[in-house]
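Participant: Dropping a prediction and its sequence here:
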Amino acid sequence: MSPAERVDRVLREAVGSDLSSWEKFEFLPSIRRRASLTEKQENVLRQIEQRIFGRVE
């Protein structure tokens, strides 16, 4: 999945306080436009996905 698809999925599934303000309004919009992620960005996105969806493979 592309970063944009992954961000869209997180935003669709997140409810209430699942995401911090920084994650929702700064981090996710900033990586949504990228074709590839740095290692640090990938790690942060993976942690968010694990928190929202449970175990991510």
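Facilitator: Noted; the coordinates are in hand. Please read all numbers here as calculations on a predicted model, not as lab measurements.

Participant: Residues in contact with the biggest helix by length in the chain: which ones?
Facilitator: The longest helix of the chain (DSSP state H) is helix 39-53. Residues from elsewhere that reach helix 39-53 (C-beta atoms under 8 Å, 6 or more residues apart in numbering): 3, 6-7, 10, 13-14, 18-19, 23, 27-28, 31, 34, 37, 56. For glycine as for every other residue, the C-beta is placed from the backbone atoms N, C-alpha and C.

Participant: And for stretch 6-21?
Facilitator: In contact with stretch 6-21 (C-beta under 8 Å, 6+ apart) are residues 1, 24, 28-29, 31-32, 45, 48-49, 51-53.

Participant: 6 Å instead, please
Facilitator: 28, 32, 48, 52 (C-beta atoms under 6 Å, 6 or more residues apart in numbering).

Participant: re the thing from before, so which bits of the longest helix of the chain are buried?
Facilitator: Using 16 or more other C-beta atoms under 10 Å as the test for burial, helix 39-53 gives 44-45, 48-49, 52.

Participant: All set now, cheers.
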